[in-house]
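*Asks:* got a predicted model here, sequence first, then my questions.
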Amino acid sequence: MEQNGFQPDYITHLLMFQCFCRLGLVYEADIILRSMIMKNYTLDICVYGSFIHGLCKSGKLREADKLFKKLINKETTLRVPNVKPGRRAIFQLNVSGAIPEIMAYEAYCRSLCNVGQLEEAGVVLKALMSKRNVPETCVYGSFIRGLCRAGRVSEAMEFFNTMRKKGWVSNVEITLCVIKALCEIAKTNEALGLFDELSKGGFVPTTSVINDFLTGYWRERQLNDAMRLFERIMDGSCGKPDASTYSIMVTGLCENGHLSKALCIFQEMINNKVPVNGSLYDIIIRGLCKIGSFQEAHMLLNEMIENGYLASYLGWSSLVDSMLELDGEGLSEGYITPVHSHQQERGVL
């Protein structure tokens, strides 16, 4: 970037750092961190929490535990030394007291949950609660979702009921966490039971909750239930649709072989000026290629590029491969060459 005259600021550094950490690319994240230290940028919970996640994601659990313990160590004060090559930069920093203790616990617990290390996460969560600290609801939610994903639904429900009885967190908030977790593992009937409990207390469903149920229906391949709920959303009797609502429906319909219905909803998004992201274009393009609608796929590919999105490898290769399979190079040449040139102009190819 800097060689091309672009000077990355704090936000650019942080975003790149977080992206590498989410992918578990701690070596690359360490390079960005060294640059942040050299520029005297503030290192806060976003940095430390992200690096803990990166270490967990890459399987370096001992290092993650070491960093967590450094963060909660209160014996020394924060000091930023000259970082040397070799050892990870974050371990050369004296990070004691850099962030509140509860934040360190929360970041470590959520990271462990996200990579399925539930026994360790449970130990950290119990240690946090033993200090009479009340974690954010999202921490409980991460633990519940982790248990559900691991097939330990009964344990998740037991933990949920315990938290409700203690009254440490909002009943609505933690119930919504469980509903989301159940929908993610295609247990919408159980989620509906909890939703009914909330509704009796006057809870008005938000769009995000409705989207959770749509996700659950598609994971159970319940086309009719998903369509009925979507129709209720569209007529205003059950929340309001957002970009995610449309995206969930289009993706679900395409993946379950209902391309014509997906195209109708996709066109409705365009008509209503609902933002369409690159991945949604990609799904539709691949669906059109599967049924041989190359002209429509080509038009959408051009539209996608015109709107500033990069044609993904999957979308591009689906269009090219499908055409070449049909008639060698004859039919494809008229479509592929203009798109190829257009992407070259934008520096994509």
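*Replies:* Nice, thanks for sending it over.
*Asks:* ok, the residue lying closest to Arg34 once chain neighbours are set aside to Cys56 distance?
*Replies:* Excluding the flanking residues, the one nearest Arg34 by C-beta to C-beta, 6 or more residues apart in numbering is Ala89, at 4.9 Å. Yep, even glycine has a C-beta here, placed from its N, CA and C like the rest. Distance, Ala89 to Cys56, by C-beta to C-beta, to the nearest Å: 18 Å.
*Asks:* ok, those two, which is more surrounded?
*Replies:* More crowded of Ala89 and Cys56, by other C-beta atoms under 10 Å: Cys56, with 27 against 22.
*Asks:* in a strand, the more buried one, correct?
*Replies:* No: counting by DSSP: H, G, I helix; E, B strand; the rest coil, Cys56 is not found in a strand; it is helix.
*Asks:* right, and it touches Cys113 too?
*Replies:* No: look at Cys56 against Cys113 with C-beta atoms under 8 Å: they stay out of range, at 9.4 Å.
*Asks:* model confidence score at the residue nearest to Arg34, please.
*Replies:* Ala89 carries a pLDDT value of 87.
*Asks:* give the burial count for Asp212, as a bare number.
*Replies:* 23.
*Asks:* name the element it belongs to?
*Replies:* helix 207-219 (DSSP states H and E).
*Asks:* buried residues, the host helix or strand of Glu158. List them.
*Replies:* Using DSSP H and E, Glu158 sits within helix 153-166. By neighbour count on 16 or more other C-beta atoms under 10 Å, the buried set for helix 153-166 is Val153, Glu155, Ala156, Met157, Phe159, Phe160, Met163.
*Asks:* all the helices of the stretch 1-150 of the chain, in order from the start?
*Replies:* 10-22, 26-38, 45-57, 61-72, 89-92, 101-114, 118-130, 137-149 (DSSP state H, counting those that start in this stretch).
*Asks:* ok so, going back, buried residues in the next helix or strand after the helix holding Glu158?
*Replies:* Sequence order places helix 171-184 as the next helix or strand after helix 153-166, per DSSP H and E. Using 16+ other C-beta under 10 Å as the burial criterion, the residues of helix 171-184 that qualify are Ile174, Thr175, Leu176, Cys177, Val178, Ile179, Lys180, Ala181, Leu182, Cys183, Glu184.
*Asks:* so how far is Phe294 from the fifth one?
*Replies:* The gap separating Val178 from Phe294 is 45 Å, by C-beta to C-beta.
*Asks:* low pLDDT regions in the stretch 1-150 of the chain?
*Replies:* Filtered on pLDDT under 70, the stretch 1-150 of the chain yields the residue ranges 1-6, 74-81, 96-97.
*Asks:* compute the number of surrounding residues for Lys200.
*Replies:* 8.
*Asks:* excluding covalently adjacent residues, which one is nearest to Ala121?
*Replies:* Leu112 (3.8 Å).
*Asks:* verify the stated contact: that neighbour with Cys56.
*Replies:* Yes: counting by C-beta under 8 Å, Leu112 touches Cys56, with 6.1 Å between them.
*Asks:* joint contacts of the two?
*Replies:* Ala64 (C-beta atoms under 8 Å, 6 or more residues apart in numbering).
*Asks:* about what we covered before: any idea how far Asn82 is from the residue nearest to Ala121?
*Replies:* Remark: distance between Leu112 and Asn82 (C-beta to C-beta) = 32 Å.
*Asks:* between those two, which is the more surrounded one?
*Replies:* Remark: of Leu112 and Asn82, Leu112 carries more neighbours, 28 against 7, as counted by other C-beta under 10 Å.
*Asks:* and His53, what does it touch?
*Replies:* Cys21, Arg22, Ala107, Arg110, Ser111, Asn114.
*Asks:* for the residue minimising distance to the centre of the chain, what are its contacts?
*Replies:* Central residue of the chain (C-alpha atoms, centre = their mean): Arg22, 9.7 Å from the mean position. Arg22 makes contacts with Ser50, His53, Gly54, Lys57, as judged by C-beta under 8 Å, 6+ apart.
*Asks:* quick one: it from Ala64, how far?
*Replies:* Going from Arg22 to Ala64 by C-beta to C-beta gives 14 Å.
*Asks:* equivalent analysis for Ala121, please.
*Replies:* According to C-beta to C-beta, Ala121 and Ala64 sit 11 Å apart.
*Asks:* between the two, what contacts are shared?
*Replies:* Counting by C-beta under 8 Å, 6+ apart, the contacts common to Ala121 and Ala64 are Leu112.
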